[in-house]
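Engineer: Pasted the sequence and its predicted model underneath.
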Amino acid sequence: MPKRRQQVVLRHDVKKLGSTDDVVDVAPGYARNYLIPQGLAAVATPGLLRQVEQRKEKERQAQLALLKDAQDRKTALATVGRLTILKQVGEGDAIYGTVTTQDIAEAIAAGAGQSIDRRSIELTDDINALGVYKAEVKLHSEVSATVEFEVAPL
């Protein structure tokens, strides 16, 4: 004898069952006695399923807009060319301090007019001398750009 199952739409994340707006099949007693009274799920009706689909489509469109914005920002960073960071210099082209991700974010803001979070910039090595370097800027989970900058004497 096949087990009876009831289809519900989750309103919140439920551990080991699913996340918000997932449509899942559960035992009728589990839905009736726990999920629905706790406000964790609602019975899947055709109207509710349409609402879930509309929310998912709206979320997908928002994600596509974020991806397109990140690709546009990558193109803008590529057209800027080399950025310049000015630092005080000591003996042997050694600079005082190091070039930080905050310095690079400020150079991008000044050169490209884009506000970049310093935590999204990755440097492979410490920069302690004059020269030309590259940094990786993560603009989106799928889009990153390489920024070239020159450390010049102040």
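Structural biologist: Noted; the coordinates are in hand. Numbering: from 1, shown residues only.
Engineer: where does this structure dip in pLDDT?
Structural biologist: Low-confidence segments of the chain (pLDDT under 70): 1-2.
Engineer: mind listing the helices for the chain?
Structural biologist: With helices called from DSSP state H, the chain shows them at 28-30, 46-80, 101-112.
Engineer: Domains in the protein, by residue range?
Structural biologist: 6-65, 67-153 (the TED database).
Engineer: Export these as a markdown table, with columns for mean neighbour count.
Structural biologist: Every C-beta, even on glycine, is put in place using the N, C-alpha and C of the backbone. Converted to a markdown table, the domains of the chain look like this (neighbours: other Cβ atoms under 10 Å):
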| stretch | mean neighbour count |
| --- | --- |
| domain 6-65 | 14 |
| domain 67-153 | 15 |
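Engineer: if we can go back for a sec, may I see the helices of the chain organised as TSV, with distance to Ile95 added?
Structural biologist: Putting those into TSV (distance: least, Cβ to Cβ, whole Å) gives the following:
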stretch	distance to Ile95
helix 28-30	64
helix 46-80	22
helix 101-112	11
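Engineer: max-length strand in this structure?
Structural biologist: In the chain, with assignment by DSSP state E, the single longest strand is strand 144-153.
Engineer: ok, back up a step: and the helices of the chain: which comes nearest Asp21?
Structural biologist: When these are compared for distance to Asp21 using Cβ to Cβ, the nearest one is helix 46-80, at 5.0 Å.
Engineer: got the angle for that closest one vs helix 101-112?
Structural biologist: Put simply, helix 46-80 runs at 80 degrees to helix 101-112, going by axes from the mean of the first three to the mean of the last three Cα atoms, to 10 degrees.
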